[in-house]
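Colleague: Model the structure of this input:
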Amino acid sequence: QVQLVESGGGLVQAGGSLRLSCAASGRTFSRSTMGWFRQGPGKEREFVAAEDWSSSNTFYADSVKGRFTITRENAKNTVYLQMNSLIPEDTAVYYCAETGNRGGYDYWGQGTQVTVSS
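Modeller: Residues are numbered from 1 along each chain as shown. This is a model prediction of the structure:
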């Protein structure tokens, strides 16, 4: 059974930084694309960042480019999201997700709350 567990969320002032972690188990992590998504208050879930299994390709939403960095450690089955220069608009529940056999994000964590105060 695939399990994704996020951690690292919290309350931070604008301009600050946080690093989210997502520990994966139950699947061949090293062959999956891992992604981060977020859902802000009253908003739909949106894509934030993704990294393919080989770490050759990373993708970012325009709203976080230059501020967020996704990395992964396949040996630890963990993916990270380093978030710098946080702004109040980054306030959301952040979810990590893992692709399944057909390439879609089939597996999701429970989410971790990030709150950025102005």
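
Colleague: going forward, measure contacts between C-alpha atoms and count neighbours the same way
Modeller: Noted.

Colleague: Find the nearest non-adjacent residue to the residue most central in space within the chain, please.
Modeller: By CA atoms, centre = their mean, the chain has its centre lying nearest to Trp36, at 2.7 Å. Closest residue to Trp36 apart from its sequence neighbours, by CA to CA, 6 or more residues apart in numbering: Cys96 at 4.5 Å.

Colleague: Report how many residues lie close to the one you found.
Modeller: Here the count is done by other CA atoms under 10 Å, and Cys96 has 30 residues near it.

Colleague: for the one 4 residues further on, same thing?
Modeller: Around Gly100 sit 15 other residues, with neighbours defined as other CA under 10 Å.

Colleague: same deal with Arg102?
Modeller: Per other CA under 10 Å, the neighbour tally for Arg102 reads 7.

Colleague: Distance of Thr112 relative to Ser56?
Modeller: 26 Å (CA to CA, to the nearest Å).

Colleague: Please say which of those two ends up with more neighbours.
Modeller: Counted by other CA under 10 Å, Thr112 and Ser56 do not tie: Thr112 has more neighbours, with 21 against 7.

Colleague: quick one, what contacts that one?
Modeller: Applying CA atoms under 8 Å, 6 or more residues apart in numbering to Thr112 gives the contacts 6-10, 93-95.

Colleague: doesn't Ala61 make contact with Phe47?
Modeller: Yes. If you go by CA atoms under 8 Å, Phe47 and Ala61 touch, sitting 6.5 Å apart.

Colleague: So these two - more neighbours on which side?
Modeller: Phe47 (17 against 13).

Colleague: where's the more buried one, which helix or strand?
Modeller: Assessed by DSSP states H and E, Phe47 sits inside strand 46-51.

Colleague: Now do the helices in this structure.
Modeller: Here the chain has no helices by DSSP state H.
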